[in-house]
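In: Pasting a predicted model and its sequence here:
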Amino acid sequence: MSASDTSPEDLLYPTLTAQGRRTLAWMREHPAAPIFRNQSGNKLLASEVAQLRVFERSVLSFDPRGPADWRDEFVGAVFASVPHFRQRGPAPLRFEEIATTSRADLARDVASFVPDHVETARMICFHTAGTTGHPMIVPSHPLVAGRYLAYHKRALAHAGITPDYGSGQVGVVLLGFQQRCFTYVSVTPTMDESGLAKINLHPNDWRDPHHRSTWLDAMAPEIVAGDPVSLAEYLTLPIARAPRAILSVSMMLLPGLRAQLEQRFGCPVLDIYSLNEVGPVGVFDAAAGGHLLLQDRLYVEIVDSAGMPVAPGERGEVTVTGGFNFCLPLLRYRTGDHAALSTHAGAPTLVGLAGRQPLRFLARGRWLNNVDITHALKDCAIPQFRLHQGADGMVTLQLAAGSVAAGAVAALTSLFGAGQVRLAPLACDDKAIQYSSDLPGALV
């Protein structure tokens, strides 16, 4: 078949079967289906599906108590093949002497962090808004995207759940709750082409808001995943068919919301610490008192403000090396999140993790997800900002010196109304807490 004969569906789903096509059509064309605004596929070749099955077995069987004997070899490979590190000169003899990197470094020139040998033809680029005032692009690949499932399965296995969805079923529904959201349907080849959908629970993406629960019950996904903001909305829907498990990702899940979700749906709710740059890092375990680490080739250390390791059990910044994204190998990457590193039954555990909190803003009498604020500001040429809503409803936009404020103020005024936005200088120069509020109910 020539390139001119290749359909868009063939490019999105290279291994798609007739049953897979029926599953896609069922999700898209159900009478209560949402408005799917985008297209996305697994883009996996048959050989890559086979690779992912092998990869998954290794992830599910690895022992987290073992030594990171791959680390030194990884450091050498990164200094040899990644332009950003190669320009630093030879790798230091001691690992702790390697200068740390941050999101700001990636935002400035992410291309210099991509290894020389990575082919760009099939690279995928994810745009991230972030919480630090450093929007950036994360380079990835269909194989990398496919690897997420292995770590989610490891987290589910910790809760005693082995996913068994397959052909003709919907395995996973990813939830959003934003004014604007990337939505699509796909299939998962390693799970016998079970259905996967990303939907937006915001009423704007449905012909009838009541269709949300109708469609979800018809799909009956085995796993539902979302951030705490979307899961709080999911909690309000009259769902009749509960999932086997709920995964909370992207933001900090507070215990109160987790308890409500578990009581309402009668299933485990897994709080997964995950980053766009790193993928799933850990899953919360009450007995361990923290997040058990999930990845077999991710070295986690806790550092102080100077980038030096703290004493065992002390709090500091979570810093990572390695990862499963071969398009973005990380070396002493400061996440901006804070915790202490302990052990539970010999396994490394992040204790007291203080990450990004799900926050909403009250605008013209309705709540907005903080992601909607990021969307409103996406075209503004501001390198860093912080937004705070006071108890009186006024929002204060803090900008770094030299920022052009007019566009940002106009964008926020369109959301909050005239006279509701004021400017202030941004004092901090690194990881600002981007969103904060004094309003009751703002923290989900």
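Out: Yes, it's here. Numbers count the residues shown, from 1 in each chain.
In: For the longest strand anywhere in the chain, buried residues please.
Out: Longest among the strand segments of the chain by residue count, using DSSP state E, is strand 330-344. Neighbour-count burial for strand 330-344 flags 330-337, 339-343 (criterion: 16 or more other CB atoms under 10 Å). For the C-beta atoms, the positions are set from N, CA and C on the backbone; glycine is no exception.
In: Just give me the closest of those to Ala157.
Out: Nearest to Ala157 among the buried residues of strand 330-344: Thr343, at 19.7 Å, using CB to CB.
In: For this structure, give me the ranges with low pLDDT.
Out: Confidence mapping of the chain against pLDDT under 70 gives the ranges 1-6, 129-135, 355-358, 381, 383-384, 402, 428-433, 444.
In: Domain-wise, how is it divided?
Out: 3-61+162-267, 71-143+275-354, 360-437 (automatic domain parsing).
In: which one of these lies closest to Leu149?
Out: domain 3-61+162-267 (6.7 Å).
In: how distant is stretch 168-176 from the center of its chain?
Out: Relative to the centre of its chain, stretch 168-176 is centred 16 Å away, using CA atoms, centre = their mean, to the nearest Å.
In: Return the set of buried residues in that stretch.
Out: Buried positions in stretch 168-176, judged by neighbour count with 16+ other CB under 10 Å: 169-176.
In: and what of stretch 408-423?
Out: For stretch 408-423, the neighbour count (16+ other CB under 10 Å) marks 408, 411-412, 415-416, 420-421 as buried.
In: Between all of those residues, which two are at the greatest distance?
Out: Farthest apart among the buried residues of stretch 408-423 by CB to CB are Ala408 and Gln420. That separation is 13.7 Å.
In: Mind listing residues that contact stretch 338-355?
Out: The contact list for stretch 338-355, computed with CB atoms under 8 Å, 6 or more residues apart in numbering, reads 64-65, 251-252, 273, 281-282, 285, 287-293, 300-302, 312-318, 337.
In: hmm, who's touching the helix or strand where Val229 lies?
Out: Using DSSP states H and E, the element containing Val229 is helix 228-234. Under the criterion CB under 8 Å, 6+ apart, residues 175-177, 201, 224, 226, 246, 248, 251-254, 257, 261, 358, 360, 369-371, 444 lie in contact with helix 228-234.
In: Among the residues you listed, which are located in helices?
Out: Members of the contacts of helix 228-234 lying in helices (criterion: DSSP state H): 257, 261, 370-371.
In: Return the set of residues that bridge with Asp285.
Out: Gly290 (DSSP bridges).
In: ok, it touching Ala159?
Out: No: assessed by CB atoms under 8 Å, Asp285 is found out of contact with Ala159, at 9.1 Å.
In: more neighbours, those two?
Out: The residue with more neighbours, out of Asp285 and Ala159, is Asp285; 19 against 14, by other CB atoms under 10 Å.
In: where exactly do the helices run in the stretch 251-400 of the chain?
Out: 255-265, 370-376 (DSSP state H, counting those that start in this stretch).
In: Can I get those in TSV including distance to Asp438 and mean neighbour count?
Out: As requested, the helices of the stretch 251-400 of the chain are arranged in TSV below (distance: least, CB to CB, whole Å; neighbours: other CB atoms under 10 Å):
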stretch	distance to Asp438	mean neighbour count
helix 255-265	19	15
helix 370-376	15	22
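In: Please identify which of those is closest to Leu426.
Out: helix 370-376 (15.6 Å).
In: Kindly export the closest one (C-alpha atoms) in CSV.
Out: Coordinates of the C-alpha atoms in helix 370-376 are reproduced here as CSV (Å, rounded to 0.1, in the frame of the first residue of the first chain):
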residue,chain,number,x,y,z
ASN,A,370,-7.0,26.4,37.3
VAL,A,371,-6.3,24.8,34.0
ASP,A,372,-8.8,27.2,32.4
ILE,A,373,-6.7,30.1,33.7
THR,A,374,-3.7,28.6,32.1
HIS,A,375,-5.6,28.3,28.8
ALA,A,376,-6.7,31.9,29.0
